[in-house]
Structures are given as C-alpha cells and as structure tokens.
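Peer 1: Next input, structure requested:
(chains A and B)
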Amino acid sequence: MKAIIIDDEPLARSIIKEYLQHHPQIQLLAECSDGFEGVKAIQQYQPDLIFLDIQMPKINGFEMLELIEQPPQVIFTTAFDEYAIKAFESHAVDYLLKPFSRERFDKAVGKWLAQENNGAAKVNLTSFLDSAVRTPAEQQRVVVKLSGKISIIPVDDIHYLEAADDYVKIHTKGGSFLKNKTMGHFETVLNKDQFVRTHRSYMINISEITRIDPYEKENHLAILRSGVRVPVSKAGYVKLKAVLGI
Amino acid sequence: MVRSPITVSKFRNTFFGWWAVWALLQGLLIYGYGYPFEIAAIDSIVTNILMLAACWMVTNILRFYMPEKDRKWYILFLSIILSLMVTSAAKWILGYAYTDKFSPGYSLFLSNSFCIRLCIAFLLIGCMTIICVLWYTVEEEQVNRQRKEDAERLSRDAELYKLRQQLQPHFLFNSLNSISALISSQPEQARKMIYQLSDFLRATLRKEEEQWVKMEEELQTLELYLDIEKVRFGHRLTTFIEKDNACLQMQLPPMLLQPVMENAIKFGLYDTTDVVTISMFITKENDYLKVVVKNPFDLETSTPKRGTGFGLNSVKRRLYLLFARNDLVETEAEDHIFTTSIRIPQQG
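Peer 2: Numbering: from 1, shown residues only, chains lettered A, B, ... in the order given. Have a look, this model is predicted:
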C-alpha cells in the first residue's frame, strides 16, 4: 500500500507521518508541499491513498485533483473550510479536521483499509469534484494542464468555451486549453452574470462580445473582440438578451 | 420627553422680565387716564396674574398636545378661548372688588375697555402660543436627533467590535494542529507556542474601541502573531519590520494591523510557492502614523484590480467608522509586490 502526503505546512505533514508509523502496511512514498509537487508525485508513484490539504499555495486541493486523470483515494485534512466540509460527508473516503487525534486518524485509515480489502466500490471523486461548491477564489480561475505544464487561467482572460467530445476547449487570449469537464460543470462553476451558455456547445464571456448579428432563420452569431464568430441558438439569444439587459 | 420652556432659566428670566415691564406699562396707562394709583396697580396686577396663568396653561397644553401640521387653526382657537377667559375673569374680579362707590366711572371704564383688553390679551397669548409651538418643535427635533445619534453610535460600536473579532478560524485550528505535531518531537517548542497563542488571543479580546494602544504594544501583539505563523509555515515565511523609534509612542486602535498582516501573509504564501518575505515599514508622516506592508503576489493569477482586493475591506470599514474618511487605506500592485499603506490620524 502506497501513500503520499500533500500539505503546505511542514508540521501538519509531520503529524501524519508520525501517526502513519503505527500502520506499517502503509508505505509513505513522498511528502509534497503544494499541488504542483502533488501532481508530479502522484504520476510518478501511482499511490493508493493520498492525504490532501485543501488550502494550499497557487492551486488548492480540489483543483489539484481535477488535473489528475484517475485520482487515487483521498483522505482530506483541513482546518476549517465552510465550503468543503459538507461536500466531504458524502463523497470522500474520510476527512480529518485539524487538529485530529491518533484515534480519529486510525479510524479514517481503518475505513480505507476495510474498503480496499472488501473490494468495495471506490468513492467516485469525479462526481464529487463536479458538484463541490466553489470558493470565491475558485470562481476567479480555472486550472488546466497542457503537455505536463500546469496553467492557471483567470476567468477574465477566457473569451469563450467550446464543447469538444468529452472535453471543453477553453479559448483565451493566450491560446486554447482542453479540460476534462462538461459544459454543465462550467455552467455551475462560472459566474452567471459573466458567462452565458448561448448554444448547446458554446459559452461566451459577455464582456468579449462586440456585436450580435442575425444568422439564418432564428439563429444569431456573436462577434467577439478577437473577431471570432460564435453561434447563438434561439434559446441562447433569449438568455443573452436577459443578461445584457436588452 | 421634551422640556417645558419654564424649566429653562434663560427663557424664564426673559419671560418674567417682559411680564414685569408689561404689567408696569398697563398700570401707568390706567394711572394716566386719571384713576387713583391703587386702582391702576390692582387692575394691572390682577389682569397680568391671570395672563400669567393663561401662559402657563399654554406651555403645558402644548407640551402634551402639539397640533399636527394640518391643524394649525388649533393655535388660533386656543388663543381666542384663553384670552376670552382671562379678560372675562379680570372684568368680573375687578368689577366685584371696586364699585362706583370707591371710584366713580371705573365700572363703566371696565365695560368700555373690554374690547381693547380682549385684543391685547389675544395678541399676547397668541404670541406665547406661537413661541411655545416653535420651542417644542425644536425640542422634539433635538430629542429625535439625539435618539438617532444614540442608535447610530450603538450600531457603530457593535460593528467595530465585530470587525475586530474576525479572527480567521483557519489560523486558530492550524496553530493548534502545529502544537499537536510539536508535542511529541519538541515539547518545549510546543509549550512556547501555547503561551504565544494565549497571549495573542488575550490581546484580541480587548474590548473598548476607544481604548487606543501604543504602537509599541501593537507591535508586540503583531510579533506574537508572526512568530506563530513562522512556526506553521517553517522556512517559507520571513518577515522584516523597520520602525522609526519616534513612532513607538504613537497611538492606534487595537488590532488594526493584524488583519493587514494576515492578508499579506495569506496572499504572499498562497499566491506563490517560493520563500516569501513580508515587510513592514512604520513611519511618522506629519500628524499621521503611517504603516506600509509589502507582500509578493503573482501578476498572472491574482486579480488585485478588483477593488482593494485582498480582503482589506474590514480594515477600511473600521477606519471609516472611526474617522469618517475613506482615504486612509491605499493599495498598489506593482512588479509582483502588493503594497498596502495605512495612515492613522493622531488624536489631540
């Protein structure tokens, strides 16, 4: 059994390490102090379990998990996170609220071990990450990975989003990025006054729109500042008009 | 309850002064018509004592019943009734006391002068009524303003208290977690951190907003806070404080700088993955205590353009409530350094 600790505070890592000494079957492979190191270490060691803090530099624990194709099982460790605690209860293997006792830690690890041994259904993190309530900071950025490099895109830089099979293509001023998410996900995550789903496959940052032209019957085209023409369906046009107040 | 004008000595003195002058004038007038001095004096005194009673009634009636805006005829009605009562009573008393036996023609004079007496009484009582209406209007307004001010002060105090109490629970729980980790490996260090945390919490519990502290004291609290944060974040956090010794005796509201420092640390540490230095410069600028805090931030991913960003709003709001000024907090983002400047006016 392989495990990794990801937490930005050294003492917080040391207490997990100390508690883990009482579980010799679990082998601690790495300690990471931020999400970037975490992504690398998970790819390198393919752990069975990670202990993950939520509040971390640059990208938080949830955003880190979004960057991993098949995330391992997670025990969240956090001090206080009004946004997350509710969501954990139904979705994570377990969550530990700092400071936690060794008994509480053993219970969480025991729960995970029992799950592994029974071959019980693994907790589906993907659905959790889709539904997780976003913090204000998270609403302001999108974290993507392009050929191993992690980028943080401020939402203001996004021009529009385009559905592409199982991915969403994020078009920004600095190029486009693919993210393994649905349009529905972005509809819940992004600010509704800024981003409008104008079409089944398109979502536009309204501050980028310069003109809306009629196109074929009942459809429209939004012309963006970059010159790109984005389709607007009949229903999308109604939504767009409501947000723009026209 | 509003005050009656009679209870105010300035008003009372003026009123009795004028009353005496008027009584004297009336006496002299009747004396000038050729009646004996005694009769003139008694006539004036009786009439004016009755007038005095009427005026006293006016102040009391209006004190408990002020006419509505659209019922100003009530003032006229009140004045007419009272002047009729005063004049009739005076005529009856004087006519009963002095018959023509003592002073021939006096009863005729009383009947003939009834109309002019009524007019004078109406004018005087009307004046008194209008003065009272004005007086009570102003008084009521003052009471209302006072009540409004009291309510505003109470809510301001409550808000100030709340703003100071916004200690991040993150900080507290994470510090306790660090202590828990230190207990087995470095018990002495754990104990030290408990003391620091206790001292810091005590400082945050100070209650009265009016009770300003010296910069020296605020710095001690701040250093406790920074020491705790340094244990938490290890080598990643370093701080640098440059202070002008002249500033140490200057005053500021308690716990004003801690949230500023907390913001700087939060955004410095969570916005980069490198070692972070937070610096603080304390200087005296004219009559202001000036504190400048600098922290690194990432130009690419942060959005300091959104307002003051960085959650300095509570500090701004507090300074606004204390000084009614919005220009005391300034922020600037340049070359990966975010600068927060705070100026604190010195009292007295």
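
Peer 1: alpha carbons only for contacts and neighbour counts from here, please
Peer 2: Will do.

Peer 1: Map the structural domains onto the sequence of the chain.
Peer 2: As the question left the chain open, I've gone with chain A. Domain segmentation of chain A under automatic domain parsing yields A:2-131, A:153-244.

Peer 1: wrong one, chain B
Peer 2: B:5-162, B:166-345.

Peer 1: Tell me the span between the first and last residue of the first one.
Peer 2: I take that to be domain B:5-162. 42 Å (CA to CA, to the nearest Å).

Peer 1: quick one: average confidence on the helix ranked longest in chain B?
Peer 2: Of all segments of type helix in chain B, defined using DSSP state H, the longest is helix B:114-164. Helix B:114-164 shows a mean pLDDT of 86.

Peer 1: Please state the offset of it from the chain centre?
Peer 2: Computed by CA atoms, centre = their mean, to the nearest Å, the separation of helix B:114-164 from the middle of its chain amounts to 17 Å.

Peer 1: hmm, back to that, any idea which of the domains of chain A scores lowest on pLDDT?
Peer 2: When I compare the domains of chain A, domain A:2-131 is least confident, with a mean of 85.

Peer 1: Next, count neighbours for residue 37.
Peer 2: No chain was given, so I picked chain A. Look at A:E37: counted by other CA atoms under 10 Å in any protein chain shown, it has 14 neighbours.

Peer 1: please go with chain B instead
Peer 2: B:F37: 14 neighbours (other CA under 10 Å).

Peer 1: Give me the three-state assignment for the residue of chain A most remote from its centre.
Peer 2: Computed with CA atoms, centre = their mean, the residue of chain A farthest from its C-alpha average is A:K217, at 38.6 Å. Using DSSP: H, G, I helix; E, B strand; the rest coil, the three-state assignment for A:K217 comes out as coil.

Peer 1: Give me the phi and psi for it.
Peer 2: phi -90, psi 130 (degrees, to the nearest 10).

Peer 1: list the contacts for the closest residue to chain A within the stretch 1-150 of chain B?
Peer 2: Proximity of the stretch 1-150 of chain B to chain A (CA to the nearest CA) peaks at B:D150, 36.0 Å away. Going by CA atoms under 8 Å, 6 or more residues apart in numbering or on different chains, B:D150 touches no other residue.

Peer 1: let's see it at 10 Å
Peer 2: B:144, B:156 (CA atoms under 10 Å, 6 or more residues apart in numbering or on different chains).

Peer 1: Give me the number of neighbouring residues for A:A41.
Peer 2: 19.

Peer 1: typo on my end, it should be B:I131
Peer 2: So B:I131, with other CA under 10 Å, has 14 neighbours.

Peer 1: thought it was touching B:F15?
Peer 2: No: the pair B:I131 / B:F15 is not scored as a contact, 11.1 Å apart, by CA atoms under 10 Å.

Peer 1: Next, please give the residue ranges for the helices of chain B.
Peer 2: Using DSSP H, helices in chain B cover B:9-32, B:37-64, B:73-97, B:106-112, B:114-164, B:169-185, B:187-204, B:215-233, B:258-271, B:313-323.

Peer 1: follow-up on the earlier one: deepest of the domains of chain B, which one?
Peer 2: Comparing the domains of chain B by mean neighbour count (mean count of other CA atoms under 10 Å in any protein chain shown), domain B:166-345 ranks first with a mean of 17.

Peer 1: re earlier: quick one: the domains of chain A as TSV, columns for distance to B:N245 too.
Peer 2: Putting those into TSV (distance: least, CA to CA, whole Å) gives the following:
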stretch	distance to B:N245
domain A:2-131	35
domain A:153-244	43
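
Peer 1: Could you pull out the helices in chain A for me?
Peer 2: According to DSSP H, the helices that chain A contains are A:10-20, A:35-45, A:61-66, A:85-91, A:102-118, A:125-131, A:183-189, A:234-244.
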